[in-house]
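J.: mind folding the following:
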Amino acid sequence: MDVKTQSVPADASQDEGSRAKDESWLGFARFLLLVLLGVLAFRTLVFSPFSIPSESMLPRLVNGDYILAAKWPYGYSRHSLPFDAPLGEGRLLARNPARGDIVIFKHPLDRSDYIKRVIGLPGDTIGMAGGQIVLNGELVPREAVADFEIAVSPNTTCAWGGKPIIGADGSAVCRYARFRETLPGGRRYEVLDFGQTVADSMIPVTVPQGHMFVMGDNRDNSRDSRFPAKAGDAVGIVPLENLVGRASVIMWSTDGSAEWMKPWTWVSAARWDRIGTGL
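T.: Predicted coordinates:
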């Protein structure tokens with residue numbers, strides 16, 4: 001039995017190939033769009049990366065740390081969205097932070113990202129006496145603990161309150177006096193103190209409704225709620241609406257000594273003991 005075949009015109013074959021290519025590109029474009037939307041949703045609603053550019057949160061956070069901030073704990077506002085999206089005032093699913101939380105927020109004036117620790121909530125009175133926090137009329141307990149030591153590096157200087165020493169391996173190290181504070185409810189954390197400064201005494205102020213009082217753990221190297229808000233400088237008492245998220249984990253840390261043209265320094269510059277540390 002003869003089998004009859006029917007030839008396909010050349011132009012029809014070319015049309016089918018062209019349509020297949022178009023569908024392939026369309027599918028790839030859809031895939032890229034879904035990936036971008038997924039990344040945007042994750043960064044907007046779940047976690048967002050931030051870098052630590054200063055030493056105001058020593059000893060907990062170090063210049064050169066890269067952290068992830070959880071976006072959902074305090075709800076959402078235009079300040080917690082990418083590019084400060086204009087979605088109106090207020091927060092959706094708003095919840096106040098707890099005293100002791102490390103938070104990322106927008107500066108009230110220049111809208112840049114800052115990171116500090118929450119000390120006072122709406123209605124609290126906050127003052128300072130001899131470098132010690134006075135919260136609602138009571139001194140926050142503070143005890144001296146072992147000095148804090150950190151290696152000097154391109155990302156870490158030895159500030160005026162530190163004592164330069166030589167480490168056991170012969171490297172330059174900076175030593176600071178360290179203390180442990182305990183907030184009402186038992187939240188504990190460590191702070192640095194260089195000695196008596198102008199910010200160690202402050203007449204008590206009441207935190208207004210819808211605001212929070214924040215401080216850096218490096219008490220004498222932090223321009224925080226103890227000072228009036230000024231663009232590029234102190235943050236003043238911060239509106240809760242300006243919250244971006246809660247610092248959650250250190251995902252990377254570098255001492256700043258890496259060089260792009262020397263790949264082996266990417267490894268030697270990493271502070272491996274800090275990576276993965278919860279906050």
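J.: adjacent strands (with direction) for the host helix or strand of Ile165?
T.: Secondary structure assignment for Ile165, by DSSP states H and E: strand 163-166. Sheet partners assigned to strand 163-166 using DSSP bridges are listed as strand 172-182 (antiparallel).
J.: what about the following helix or strand past the partner strand, distance to the chain center?
T.: Downstream of strand 172-182, the first helix or strand assigned by DSSP H and E is strand 188-192. Taking CA atoms, centre = their mean, to the nearest Å, one finds the center of strand 188-192 at 17 Å from the center of the full chain.
J.: do a quick rundown of the strands in the stretch 101-250 of the chain.
T.: 102-106, 113-120, 125-129, 132-135, 138-139, 142-151, 163-166, 172-182, 188-192, 202-206, 211-215, 238-239, 243-253 (DSSP state E, counting those that start in this stretch).
J.: quick revisit: mind exporting the strand holding Ile165 as PDB, just the C-alpha atoms?
T.: Extracted C-alpha coordinates of strand 163-166, given in PDB (Å, rounded to 0.1, in the frame of the first residue of the first chain):
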ATOM      1  CA  LYS A 163      41.300  53.000  74.200                       C
ATOM      2  CA  PRO A 164      43.700  51.800  71.400                       C
ATOM      3  CA  ILE A 165      45.400  48.500  72.400                       C
ATOM      4  CA  ILE A 166      47.300  45.800  70.600                       C
END
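J.: what residues are up against Ile67?
T.: Each residue near Ile67 by CB atoms under 8 Å, 6 or more residues apart in numbering is listed here: 49-52, 61, 247-251, 279. Using the backbone N, CA and C atoms, a C-beta is placed for each residue, glycine as well.
J.: buried residues in the helix or strand it falls within?
T.: Using DSSP H and E, Ile67 maps to strand 65-70. Residues of strand 65-70 classed as buried: 65, 67-70 (neighbour count, 16 or more other CB atoms under 10 Å).
J.: list the neighbouring strands of it plus their orientation.
T.: strand 47-51 (antiparallel), strand 243-253 (antiparallel).
J.: worst mean pLDDT among those?
T.: Lowest mean pLDDT within the strands paired with strand 65-70: strand 47-51, a mean of 89.
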